[in-house]
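Asker: Here is the input, now give the coordinates:
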Amino acid sequence: MKSLQVGVSRRQALQAMMAGVAAWHADCSRSEKHSPPLTVSDVKGAVRVEVDGSRPLISFLSWDTEGGNRVKTNLLRAKTSVGVRVSGNGQAQAARPAISTEATGAQDWRFIVSVSPESKIVAEVHAAGDRFSIRVAAAAGTKGRMPAMELVFPFDPRVTATTVLASEWKEDGTLRLPGIISAPDYGQMLVSDPLHRGLHARLEGSRDQQFVDLIIELPGLAAGETYNLEFGPARLDPPEGLEDVGMWQRARRGWFNVWQPSARWGEQDRPHSAPAGLLSNNVISDPVSFVLAFYADFALWTPLLPGGISAAAHVRSTLDWWIGHRMLSSGEVIGYWDVANFLDANPSLLIAAWDYVEATGDKQWLAGRIERLEFLADFLAGRDIDHDGMVEATQSGNYGTLRDPARSSCWWDALNTGYKDGYSNALIYRAWRCLAELERQLGRSAPQQRYSQLADRLKAVYSNCLFNAQTGWLGWWRSADGELHDYASPVVNGLAIEYGLVSPAEGRRILARLRSKMQTLGLNRYDLGFPGVLLPVRRGDYLLPDGLGVPSREDGTDTFGQYMNGGISAGQGSHFVNAHFVVGEQDEGDKMLLAMLGREAEGGFQNGVRNQGGKGADWTTWQGEPCGYEGYLSDLYILLHGVLLREPRFRARFYRPLGT
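Answerer: Residues are numbered from 1 along each chain as shown. As a prediction, this is how the structure comes out:
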């Protein structure tokens, strides 16, 4: 087997990331705030290409754009290779094995591939530094035009959820190059052909069979014609104005991880499927409306990417899809599959719209969409059925009422959240504030005032509705029967403090009480993130009759720490971290954030796509054992947002609609 590993590792940066939380914190407080930016030109990545000679073209392909040692892991599926196949009569057929493989140098391989008895192609692979290329040309002596071909990359999502950010996604499901192949925790490679801009490609996969194929379409060649696909690292410099660039060095590897455009998978006429190109849980998982805001929050800070690729454009196209294809006549947006009654779905789209317009200044899109956005917001206003200012969910939230196949009112779909749900109402508050600002930008003063007033009324009653005087923090939801369901939630309290629904002084007191509770319970693994609840969820406040994390005991103690019964999903816990920055407790927030960044530097928040209950690292126990099912969950990486929100300049812009 011929093997080539190329590139020089910048190990000092990686070792700094891995040195440990204590060293990082000391480092941060001393010199990094004033260190010169580490730009993309300073980092030397590595690629690894292997050819075994038995089949074209590449049997082992990997990269590490941050210069670490992750090139040791193959991104391709076992017993497959990057190869050429030929389209004939609409059916893709495997090309015949290479009849000649000749190594022409330490960094070059040359293949002659038969595509028919009369014609052959020459395919050359070249690797150097932190990049590689694949050149395809008609072999000497070719007469006429060869049939169309496809270059296939058979990625293994069980290694990592490799996907593509494209310069354009078309309605037929194809994408246009250039594109960025994003292999989370390994890095991103820009693929383009300088002489054939706009080549078509497809991203196809299977959730059940666990595969992802990137298929680049190569129209038929004639003599003298060549395709030259170039692959080079796509990295981001620190956002403009960031003071602590050392923090960005720790976050950059994972910054792309939050964006997972879907492969086309499943039967397209069924809800359990995905068209190509929608921002999703992962590349072969579900598009989910109520997490779009989290992806959009990241796109807000991200400039145009290499190749002219826009993260914000992915937000816009996904937002348009939800509005155009998954909004009911009532104005309610489906959550996922064909499941409705998620109270956080509509606010997620409204927040995403603000993020998109704030990032791009696209007032034309906004003017064309404003009535649809108002329709989304007015549905929420109509759900205030008792006219007290809080928005009531369809679900009652009463003990013992949530039964499969029903789901709860929000992202926490296995918990019996309902009626006056603190999580959803915090997002609704932000959504109305964001829409009011969008109305202002269009000079629409009457609707601006309406949504501002709705937000004011919600804020005025939020804390009174949910505050538990016995514990000194907010409960999660108040059910229709009047019971306050309080599980000491860092997430709900964090959101409320972060969004200004409680005063900074009260927020500091709540945070201190929750930290004290964590200390009492022995929750000291800040690197894992923070659980949704600190107390066991009673059986009747969980999705019944069975399922991941559901307790058998009435008091919930038998599965405590598993999945949504006290398990940890680090992205949601980041609201608790960010709340510390908002109320001025920088040191506490930094301690938590740095611990999570340490785990992310090691790739500890995912173990590839699993789709198997209890096996996914997207959720962990308090001891760090996997207890999720996705394996890779894109919204988990919103934990990196704190790298920006810890600085006043970025908070001022992000929270501007809230007036905080």
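Asker: pLDDT averaged over the helix or strand hosting Ala359 - what is it?
Answerer: With elements taken from DSSP states H and E, the one containing Ala359 is helix 345-360. Averaging pLDDT along helix 345-360 yields 98.
Asker: Need the residue closest to the centroid of the chain.
Answerer: Val258 (2.3 Å; CA atoms, centre = their mean).
Asker: That one touches Tyr632, doesn't it?
Answerer: No: contact status for Val258 versus Tyr632: not in contact, 11.3 Å apart, counting by CB atoms under 8 Å. Backbone N, C-alpha and C define where each C-beta goes, glycine included.
Asker: Please name the residues that touch Ala359.
Answerer: Contact partners of Ala359, counting by CB atoms under 8 Å, 6 or more residues apart in numbering, are 299-302, 312.
Asker: Next, give me the two most distant ones among these.
Answerer: With CB to CB as the measure, no two of the contacts of Ala359 lie farther apart than Trp301 and Ala312, at 10.2 Å.
Asker: can you give me the strands in the stretch 101-250 of the chain?
Answerer: Ranges of strands within the stretch 101-250 of the chain are 108-116, 119-128, 131-138, 149-155, 163-169, 175-183, 187-192, 200-206, 211-218, 226-233, based on DSSP state E, counting those that start in this stretch.
Asker: Generate TSV for these, with mean pLDDT and distance to Asp413 as supplementary columns.
Answerer: Shown next, in TSV, are the strands of the stretch 101-250 of the chain (pLDDT from 0 to 100; distance: least, CB to CB, whole Å):
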stretch	mean pLDDT	distance to Asp413
strand 108-116	79	49
strand 119-128	87	45
strand 131-138	93	42
strand 149-155	95	29
strand 163-169	97	24
strand 175-183	97	27
strand 187-192	97	31
strand 200-206	97	24
strand 211-218	97	26
strand 226-233	96	38
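Asker: want to throw those strands into CSV with distance to Asp481 and mean neighbour count?
Answerer: Below are these laid out as CSV (distance: least, CB to CB, whole Å; neighbours: other CB atoms under 10 Å):
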stretch, distance to Asp481, mean neighbour count
strand 108-116, 70, 20
strand 119-128, 66, 20
strand 131-138, 63, 20
strand 149-155, 50, 23
strand 163-169, 45, 24
strand 175-183, 47, 23
strand 187-192, 50, 24
strand 200-206, 45, 21
strand 211-218, 47, 20
strand 226-233, 57, 19
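Asker: could I get those as JSON lines with distance to Leu435?
Answerer: Formatted as JSON lines, the strands of the stretch 101-250 of the chain follow (distance: least, CB to CB, whole Å):
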{"stretch": "strand 108-116", "distance to Leu435": "56"}
{"stretch": "strand 119-128", "distance to Leu435": "50"}
{"stretch": "strand 131-138", "distance to Leu435": "44"}
{"stretch": "strand 149-155", "distance to Leu435": "39"}
{"stretch": "strand 163-169", "distance to Leu435": "26"}
{"stretch": "strand 175-183", "distance to Leu435": "31"}
{"stretch": "strand 187-192", "distance to Leu435": "33"}
{"stretch": "strand 200-206", "distance to Leu435": "33"}
{"stretch": "strand 211-218", "distance to Leu435": "36"}
{"stretch": "strand 226-233", "distance to Leu435": "39"}
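Asker: Arg145 - how many residues pack around it?
Answerer: 14 (other CB atoms under 10 Å).
Asker: if I read this right, it contacts Gly220, doesn't it?
Answerer: Yes: using CB under 8 Å, Arg145 makes contact with Gly220 at a distance of 4.6 Å.
Asker: Trp365: which of the strands of the stretch 101-250 of the chain is closest?
Answerer: Here strand 163-169 is closest among these (CB to CB), at 15.8 Å.
Asker: and the residue nearest to the centre of the chain, how far is that from Phe605?
Answerer: 11 Å (CB to CB, to the nearest Å).
Asker: Next, the buried residues of the longest helix seen in the chain.
Answerer: Using DSSP state H to define each element, the chain has its longest helix at helix 445-466. For helix 445-466, burial by neighbour count (16 or more other CB atoms under 10 Å) applies to 447-448, 450-452, 454-455, 457-459, 462, 465-466.
Asker: okay, the angle between that helix and helix 345-360?
Answerer: With axes from the mean of the first three to the mean of the last three CA atoms, to 10 degrees defining the directions, helix 445-466 sits at 130 degrees from helix 345-360.
Asker: how far out from the middle of the chain is the next helix or strand after helix 445-466?
Answerer: Next along the chain after helix 445-466, taking DSSP H and E as the criterion, comes strand 467-468. Averaging C-alpha positions (CA atoms, centre = their mean, to the nearest Å) puts strand 467-468 33 Å from its chain's average.
Asker: Neighbouring strands - and their directions - for strand 467-468?
Answerer: Using DSSP bridges, the strands paired with strand 467-468 are strand 473-474 (antiparallel).
Asker: Quick one: name whatever helix or strand follows the partner strand.
Answerer: Assigned by DSSP H and E, the successor of strand 473-474 is strand 477-478.
Asker: shared neighbours, Val258 and Phe605?
Answerer: Common contacts of Val258 and Phe605, defined by CB under 8 Å, 6+ apart, comprise Tyr637.
Asker: circling back: out of the contacts of Ala359, which one sits closest to Ser503?
Answerer: So of those, ranked by how close each gets to Ser503 (CB to CB), first place is Leu300, at 26.2 Å.
Asker: do you know how far that closest one is from Phe576?
Answerer: 21 Å.
Asker: So for those two, which sits in the more crowded spot?
Answerer: Phe576 (26 against 23).
Asker: Low-confidence regions, the chain specifically.
Answerer: 1-42, 88-106, 116-117, 660 (pLDDT under 70).
Asker: what residue of it is the furthest out?
Answerer: The chain, CA atoms, centre = their mean, max distance from centroid: Gly141 (48.7 Å).
Asker: Identify the residues contacting the nearest residue to Leu435 once chain neighbours are set aside.
Answerer: Spatial nearest neighbour of Leu435, excluding adjacent residues (CB to CB, 6 or more residues apart in numbering): Tyr451 at 4.8 Å. Tyr451 makes contact with 377, 432-433, 435-436, 439 under the criterion CB under 8 Å, 6+ apart.
Asker: Let's have those in TSV, adding distance to Trp473, secondary structure and neighbour count.
Answerer: Shown next, in TSV, are those (distance: CB to CB, whole Å; DSSP: H, G, I helix; E, B strand; the rest coil; neighbours: other CB atoms under 10 Å):
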residue	distance to Trp473	secondary structure	neighbour count
Ala377	29	helix	26
Trp432	24	helix	28
Arg433	23	helix	27
Leu435	29	helix	29
Ala436	29	helix	23
Glu439	34	helix	23
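Asker: Which member of those residues is positioned nearest Arg646?
Answerer: Compare each of those with Arg646 using CB to CB and the shortest gap goes to Arg433, at 21.9 Å.
Asker: mind listing what that closest one touches?
Answerer: 451-452, 455, 657-659.
Asker: What segments of the stretch 501-650 of the chain are strands?
Answerer: 616-620, 626-628.
Asker: okay if I get those as CSV plus mean neighbour count?
Answerer: What follows is the strands of the stretch 501-650 of the chain, written out as CSV (neighbours: other CB atoms under 10 Å):
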stretch, mean neighbour count
strand 616-620, 26
strand 626-628, 25
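Asker: I'd like those laid out as TSV, including distance to Asp208.
Answerer: Shown next, in TSV, are the strands of the stretch 501-650 of the chain (distance: least, CB to CB, whole Å):
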stretch	distance to Asp208
strand 616-620	16
strand 626-628	18
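Asker: Okay then, goodbye and thanks.
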